[in-house]
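> build me a structure from this.
(4 chains, ligands or ions: 4)
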Amino acid sequence: MFTNASNFVQGVDFAFAVILGISIFFLVTLTATMIYFVIKYNRNKKVKAVQIKEHTWVEVTWIVIPLILVLYMFYIGWEGFIPMRQAPKDAMHVKAIGKMWKWTFEYEGNKQADTLVLPIGKAVKIDLVSTDVLHGFSVPAFRIKEDVVPVKKNYTWFIPGELGDFDLFCTVYCGLNHSSMLATIRVVSEEDFQKWIAKVPVKKAEANNLAFQAVEKNGCLACHSMNGTKLVGPTFKGLYGSKSNVLTNGAARQVTVDDAYIEKSIYEPNADVANGYPQGVMKSYKGIVQQKDLKLIQEYLKSLK
Amino acid sequence: MSEKHNHVEEHRDDEASKLGMWLFIFTELLLFGGLFIVYSIFRHEYYQAFRESSLELSVTIGAINTIALLFSSMTVAMALTAMQKNDKKTALIMIGITLLMALVFLVNKYFEWGHKIEHGLYPGSALMPLLDRGHLLYFSLYFFMTGLHAFHIIVGMVLLFICLFKVKNGSIHPEKYALLENGALYWHLVDLIWIFLFPLMYLIS
Amino acid sequence: MANNVSHTTEYRTLGKVLLFLMLCTFLTITVTGIHLGPFSVTVALLIACAKAYTVMTYFMHLKYESLLLKLLVGFVFVLFVLIILITFIDYAFR
Amino acid sequence: MSSGTEKVEYVSYLDHQGKYKGILGWIFATDHKRIALLYMYSIAAFFFVGVILGLLMKIELAAPGQTIMKPQTYNGIFTVHGVIMIFMVVIPGLSAVFGNFFLPILIGAKDVSFPKLNRFSWWIFIVGSIMAVASQFLRSGPPDTGWTFYAPYSTTTGTSVILATSAAFVLGFSSILTGLNFIVTIHQLRAPGMKFFNMPLFPWALYATAWIQLLATPIVGITLVMLIAERLFGIGFFDPNLGGDPLLYQHLFWIYSHPAVYVMILPAMGVISEIIPTFTQRKIYGYKAIALSSLAIAGVGFLVWGHHMYTSGMSEQARWFFSLLTFVVAVPSAIKVFNWLATMYKGSIDLKPPFLYALSFIFLFIIGGTTGLLLGSVATNIQVHDTAFVVAHFHYIIFGGMGFAFFAAIHYWSPKIYGRMYDFKRANIAWGIIFVGFNMLYFPQFILGFQGMPRRYFDYLPQFQGGQLVSSIGGFILATGLFLMVRNLVLGARKGEIAPANPWNGSTLEWQIPSPPSLENFDEEPVIKQNPYDYE
Ligand code: HEA
Ligand code: HEA
Ligand code: CUA
Ligand SMILES: [Cu+2]
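Residues are numbered from 1 along each chain as shown, chains lettered A, B, ... in the order given. Ligands and ions are numbered 1, 2, ... in the order given. Coordinates of the predicted model:
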């Protein structure tokens, strides 16, 4: 508690300490009273129960006091939170792109990296972008967390206050490898940051290739590699024209990967399930991959011999 | 309550089943309530598109259906009055008219839907995903809400048919008409929902 | 005997109610025809509420039911309106 | 029973032979007591399945990396664990079992208002449950969305989400019908002289619960139907890629599911309010405050759903509003706790197993509830949302709250239900093991969550290893304790000593009739004149 990893730690931890303190106070007093009563008024001591009249003032007291306490808790919670939605105008912008199950960070000038490197003491505003389903951008050490919602814009911001590496978790359940959707945030000095960012290459040349973009944009590469490695799904390398062993309604058969098969794989991935891969992991892209993109994807796969 | 307790059991059952019916109506209202929430949110977000889309619906058909339902609501209430007055014949006629009106509604709806479907506007069609988002949502909601409503009409008709037979064979009689009363209550619910659906779907252009 | 369980509404009353409802329907169609901008929904909903109120009071005999039931019906509607309003606290300010 | 003879022959409901005999006599029973037992046995069976899934998760999490299953399996398991526990165990739990059995008796009635509807509720409960369990075995694989079915993941994953959501829909329907039945019963069938404020507190709690069931469930029902339609036709209500709004799904889901947590806890509070007066031999302190706070919780509970969505990108105004109301709704719970303690003051306390469970309920409920406050405050929620902290919160409050109340209730009422007594010593030992195991299982998760361990994680970073291991061991201690408890109860019910009609010297109506009760509960209709907890 009370580290200085980001500018929010103080507010959040203060609220935490106060609420926890009040909670523990009540837990301890009430439990102690309970145990005391059990011993004091135990039936083994042959005490007879005394019927006690209710007093309105007692009841009012224990309505009013908790009410005041909770309103106070609400207040400090709100105070700790409100700065999180007031990003300074001059903050540095970084786009955090979440897609199943990988984080990518895009700096100004089209530079992409897998680790979020940030200069210390400088406000940074993270624009949260998702290309498929919900993800969660959570850095416990910084006390920040915000959902990454597709299409909708969302953001979070902070000022890193300590050098070092911090864990970034995806907190909103997003499917198979949700638990490995991690990344590192590295806070470095301003100089080191400048050195580092200078070395980050501008997005690959392939970025200009429309066909590649179609594959990239739809997030296929999270599961399918282009270099022959087996990720979640079969690799795209050499896929086109090859023979694929699939299960159709539980029956094994062999198909040739052609345009029609690719189309079917995209729109009804569960109709033919490639052998050795889990069913149901690849979702249907019906309504998402439009006809135009489909053509491009087919073309691109063809080119990946 | 307590004082009535030792009277004939049946009275209390009637009251209970009426209360039960009202509670069920609450449930149904909130079932549609969920859809109304969705509707109002999307209307808020896609105001223009909703207005444009609703132009595609025919106010005339909607109005005819409204009138049919209002009229049937009255007749079913009259059927109950007739039953209470021990006028079996009127009661039968009134239920009959109610059912007829329900049929008019459904036939109308059939043509209305059919028209849309002909134009390729239905959930799951090839055309739908090509619409822009506001229109897509409007028509999805249109089919969903009127579809669910039509389903309630059918359930209501079945209920009233049962009432019709029971009135005819005398098992619903002036001393015992809870079923008819509940059937009528259900039918009014169907009307209530349409009262809100009509302006929200047809009259926002 | 059985009549003290439920009230009997006269045919004439029911007829009048229908007339009123038809009138409302007519009104709501014409009113939305004129351009009232954002108010047209409000008006349409107000008229719809009036209709719903009438249907419940007369057709559904709510007028003659116990106070308890009336309160419950009111409560359900208030609850629903609250839920919609609260949802809009999110959407209106986003 | 209306034979003219002076002495009515007493046949317990367990032995009574109706139109059907044997097992059919149960499945087609309309007697509320038999239906209650049907619910109890079926819920126990599903609970067992849920528990096994829970323990499997704990084994998997005992060490980082893959331990005994693949990630896809893990995802399916926590989803089905959540669905079973929430929709099939805790939501029907207390109200369908003890509510069905004791509501009519406590208000002096022969049965609920609609006995056939009651039976029908159980049937569809079974249908829904079978659907939920079957979704686990379909070829497309168990649903892997979490019990919250968040869109758009749930609208696009290839697993059998449709079956699971349909199951939840059907179960919701059963829940609605039970609620409806109870409300009508309470309004119509109270014994002569029993005003609302003469009603015992368990029926009060059930009344508040029933309203939530009736009004909140349809909303989730329609939401799940929309989800299914979205999957089938790609309609696009919730999937942003089709123009929908995933936050809208969350709103609709929590509009139901937050009130639903009070469906779980209110009857539990009702049970505790019954047990405390009996074992202290005191009139309950603040009867009216307890009764009305149930209604307050139910009412305000409808309006706080957004506290599950603080990080979702809601408007700031909405976060403000929901946080404020979340804190307000905690106050009526606090009132209840204070009143229970005040009832113990100067009582004559008898530390029998039901009371032991009731006391541990209070302890665990305070922990669960106050950590709820930490979640309800926006700033601290940001820190612990969607982490193991939330998991610990709701297990404390659901299992520690509703679960312990269930155990308290079964220890309290099983002599009435079966007419036989269980062994106290064994019950106490089992309690001790359960209590220790429970805290060992869930307490470390608070710490893990605070340190940032997210929930629904198949795998975790090495710094979380210690806590996870302790937690896993606790799970097995708890399992041992629960096994001993169930064994003791079963033995008691079958072979225990014959129990007297009123073993605890209780004052409410169920203790004034023989154990087990006869088919019609009361030989002659009771007339009520005073408060149910009069020990003068
Ligand atoms: C039985 C079920 C139950 C109950 C009763 C509660 C009760 C409460 N819950 Fe909990 N909750 C759940 C079940 C339950 N919850 C579940 C299942 C989830 C997770 C869902 C999911 O995402 O899967 C959840 C999640 C959850 C969240 C969202 C967490 C997140 O995902 O970020 C929040 C946030 O506000 C919250 C708050 C509360 C509060 C304030 C109460 C209050 O009602 C508690 C009130 C009780 C007390 C306060 C204790 C008694 C009082 C005293 C001892 C006196 C001292 C107190 C004062 C001075 C006030 N709960
Ligand atoms: C009533 C509700 C309830 C109950 C009782 C439990 C019980 C248990 N739960 Fe819980 N759990 C949930 C409701 C519940 N759970 C919910 C809603 C979720 C969220 C799902 C989601 O994220 O979507 C969840 C999630 C959840 C997770 C988090 C998954 C994740 O986020 O990665 C874990 C992890 O360990 C867990 C563990 C357990 C364990 C070990 C038990 C143990 O089972 C408790 C120990 C009990 C026993 C061991 C009993 C043994 C008894 C016998 C053997 C005798 C037989 C008994 C009878 C016949 C009556 N549960
Ligand atoms: Cu991405 Cu979880
Ligand atoms: Cu909640």
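> pLDDT below threshold where in the stretch 101-250 of chain A?
A:204-208 (pLDDT under 70).
> closest approach to ligand 1 from it, which residue is it?
Distance from ligand 1 to each residue of the stretch 101-250 of chain A (Cβ to the nearest ligand atom) is smallest for A:Lys145, at 9.2 Å. C-beta coordinates here come from the backbone N, C-alpha and C atoms, glycine included.
> in a strand, that's where that residue is, yeah?
Yes - the assignment for A:Lys145 (DSSP: H, G, I helix; E, B strand; the rest coil) places it in a strand.
> isn't it right next to D:Asp386, touching?
Yes - with contact defined as Cβ atoms under 8 Å, A:Lys145 counts as touching D:Asp386 (7.4 Å).
> ok, and the closest non-adjacent residue to the closest residue to ligand 3 within chain B?
Residue of chain B nearest ligand 3, by Cβ to the nearest ligand atom: B:Arg133 (24.7 Å). Nearest non-adjacent residue to B:Arg133, counting by Cβ to Cβ, 6 or more residues apart in numbering or on different chains: D:Gly243, 2.9 Å away.
> from A:Ile97, how far out is the one you found?
Using Cβ to Cβ, to the nearest Å, D:Gly243 is found at 21 Å from A:Ile97.
> more crowded one of the two?
Taking other Cβ atoms under 10 Å in any protein chain shown, D:Gly243 and A:Ile97 do not tie; D:Gly243 has more neighbours (25 against 18).
> confidence score at the more buried one?
D:Gly243 carries a pLDDT value of 76.
> ok, now which ones touch it?
B:132-134, B:136-137, D:236 (Cβ atoms under 8 Å, 6 or more residues apart in numbering or on different chains).
> mark which of those are part of strands, please.
In strands, judged by DSSP state E, none of those are found.
> redo these as JSON lines? Include neighbour count, distance to ligand 2 and pLDDT.
Putting the contacts of D:Gly243 into JSON lines (neighbours: other Cβ atoms under 10 Å in any protein chain shown; distance: Cβ to the nearest ligand atom, whole Å; pLDDT from 0 to 100) gives the following:
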{"residue": "B:Asp132", "neighbour count": "11", "distance to ligand 2": "35", "pLDDT": "76"}
{"residue": "B:Arg133", "neighbour count": "17", "distance to ligand 2": "30", "pLDDT": "78"}
{"residue": "B:Gly134", "neighbour count": "20", "distance to ligand 2": "33", "pLDDT": "81"}
{"residue": "B:Leu136", "neighbour count": "26", "distance to ligand 2": "30", "pLDDT": "82"}
{"residue": "B:Leu137", "neighbour count": "28", "distance to ligand 2": "28", "pLDDT": "85"}
{"residue": "D:Gly236", "neighbour count": "25", "distance to ligand 2": "25", "pLDDT": "78"}
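> among those, which are in helices?
B:133-134, B:136-137 (DSSP state H).
> for D:Lys346, which non-adjacent residue is closest in space?
For D:Lys346, the spatially nearest residue (Cβ to Cβ, 6+ apart) is A:Val50, at 4.2 Å.
> what's the helix or strand for the one you found?
Using DSSP states H and E, A:Val50 is not contained in any helix or strand.
> got the residues of chain D near chain C?
When proximity is defined as Cβ under 8 Å from any Cβ of the partner chain, chain D approaches chain C at D:187, D:215, D:247, D:251, D:255, D:302-303, D:306, D:313-318, D:321.
> go again with 6 Å.
D:251, D:314-315, D:317-318, D:321 (Cβ under 6 Å from any Cβ of the partner chain).
> of those residues, which is the nearest to D:Leu106?
D:His251 (37.1 Å; Cβ to Cβ).
> what strand or helix carries the closest one?
helix D:246-280.
> just checking, what packs against the longest helix seen in chain C?
Criterion DSSP H: the longest helix present in chain C is helix C:67-92. Secondary-structure packing of helix C:67-92 (3 or more Cβ pairs under 6 Å, 6 or more residues apart in numbering or on different chains; DSSP states H and E): helix B:9-45, helix D:316-344.
> may I see the buried residues of the shortest one?
Using 16 or more other Cβ atoms under 10 Å in any protein chain shown as the burial criterion, the residues of helix D:316-344 that qualify are D:316, D:318-344.
> hmm, it touching ligand 1?
Yes - against ligand 1, helix D:316-344 shows contacts by Cβ under 6 Å from any ligand atom at D:326, D:329-330, D:333-334, D:337.
> so what touches stretch A:191-206?
Stretch A:191-206 is touched from outside by A:110-113, A:117, A:119, A:212, with contacts defined as Cβ atoms under 6 Å, 6 or more residues apart in numbering or on different chains.
> please disregard the earlier target; I meant stretch B:15-22.
By Cβ under 6 Å, 6+ apart, the list of residues contacting stretch B:15-22 reads B:178, B:182, B:185, D:113, D:180, D:184, D:188.
> looking at the residues you listed, which are in strands?
Judged by DSSP E, the contacts of stretch B:15-22 include no members of strands.
> three-state assignment of D:Glu524?
Going by three-state DSSP: D:Glu524 is coil.
> number of nearby residues for it?
7.
> test my guess that D:Ala405 contacts D:Val271.
Yes - in this structure, D:Ala405 is within contact of D:Val271 by Cβ atoms under 6 Å, at 4.8 Å.
> and chain A, which of the buried residues of helix D:316-344 contact it?
D:316, D:323-324, D:327, D:330-331, D:334, D:338, D:341, D:344.
> A:Ile97 should be in a helix, yeah?
No - residue state for A:Ile97 (three-state DSSP) corresponds to strand; a helix is not indicated.
> the residue lying closest to B:Ile172 once chain neighbours are set aside: how many residues sit nearby?
Distance criterion Cβ to Cβ, 6+ apart; nearest residue to B:Ile172, sequence neighbours excluded, is B:Lys166 at 4.3 Å. B:Lys166 has 17 neighbours, counted by other Cβ under 10 Å.
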